[in-house]
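A.B. asks: Here's my sequence, what's the structure:
(one chain, ligands or ions: 1)
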Amino acid sequence: MTTITPCPVEAFDASPKDDLLPFSARLADKGREWYHAFHTSLRKATGWSDYGRWSGEANLARSWDARTRQIGALIRPKTTVIEFGAGRLVLKTQLPEGCAYTPCDLVDRGCGTIVCDLNARVLPRFPAHDVAVFSGVLEYVNDVPRLVAHLAGTVQTIIASYAVKESNRRYRRSYGWVNDYTSAELVDVFEREGYRRERDETWESQVIYEFTKIRRIRAAKDAPRQSAT
Ligand SMILES: C[S@@+](CC[C@H](N)C(=O)[O-])C[C@H]1O[C@@H](n2cnc3c(N)ncnc32)[C@H](O)[C@@H]1O
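C.D. replies: Residues are numbered from 1 along each chain as shown. I've put the predicted structure just below:
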């Protein structure tokens, strides 16, 4: 599998100050941008995930914690929560009283992480939970409709952030993002699986959605009951 040098999102931030950079620096930036875009396109075509980027913590930015705090505030007490792409497990510390937390990620993040590649050919049967959270993760999933269909029988509520195409048009492949939904298209993916959009909030240029299943799913029998803290 090809491993690439991780690319912090900020590396390709096209701000006016770029005009002040010397030509050689701008050329180097462009080269890096194209290199990452090429590798993302390759991963998208082959279905691979970026283990090189996500192993370890170096590429898990602390600036994302504000998004996680905003998501944590949407979760009700005493619910069972599974977080996909759990990263530094910040959500665990933001849950209200009486919640149970299960992290799931491409790589082992500790605390009983369910290690799972969301781009794998076959997805495992995840233990039922009340709420599934995706914070900065759907952008790296090759087949979002398949994932939502897979969760539809086991998760009542899905809270997901997404960098919608309307406000994040440029550099998508350079950032490693493998899909390009507008807000309406993403909502449609969830609605087709019986979810209703309950709310959306903005976080920077992204949207945080809360979807709930229109028909109630049977009680989450196999969900863990231990406390989150
Ligand atoms: C942008 S980080 C977000 C981390 C955390 N949710 C946050 O907001 O701080 C993306 C997370 O998704 C995970 N991830 C990326 N590709 C994945 C895949 N194919 N399957 C499962 N997890 C993946 C990464 O390991 C990482 O933890």
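A.B. asks: Which strand residues bridge residue 102?
C.D. replies: residue 82 (DSSP bridges).
A.B. asks: Residue 131 is in contact with that one, correct?
C.D. replies: No. Contact criterion C-beta atoms under 8 Å: residue 102 and residue 131 do not qualify, at 10.5 Å. For every residue, glycine as well, the C-beta is placed using N, CA and C.
A.B. asks: Identify the single longest helix in this structure, thanks.
C.D. replies: helix 23-46 (DSSP state H).
A.B. asks: in that one, what's buried?
C.D. replies: 29, 33, 36-37, 39-40, 43-44 (16 or more other C-beta atoms under 10 Å).
A.B. asks: what is the mean pLDDT for it?
C.D. replies: Mean per-residue pLDDT for helix 23-46: 82.
A.B. asks: Do any residues in that helix lie close to the ligand?
C.D. replies: No. Judged by C-beta under 6 Å from any ligand atom, helix 23-46 makes no contact with the ligand; its nearest approach is 9.4 Å.
A.B. asks: What's the first helix or strand after that helix?
C.D. replies: Next in sequence after helix 23-46, counting helices and strands by DSSP states H and E, comes helix 51-54.
A.B. asks: Could the C-alpha coordinates of that following helix be exported in PDB?
C.D. replies: C-alpha atoms of helix 51-54 as PDB (Å, rounded to 0.1, in the frame of the first residue of the first chain):
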ATOM      1  CA  TYR A  51      -3.000   4.400   7.000                       C
ATOM      2  CA  GLY A  52       0.200   6.400   6.600                       C
ATOM      3  CA  ARG A  53      -1.500   9.700   7.400                       C
ATOM      4  CA  TRP A  54      -3.700   8.400  10.300                       C
END
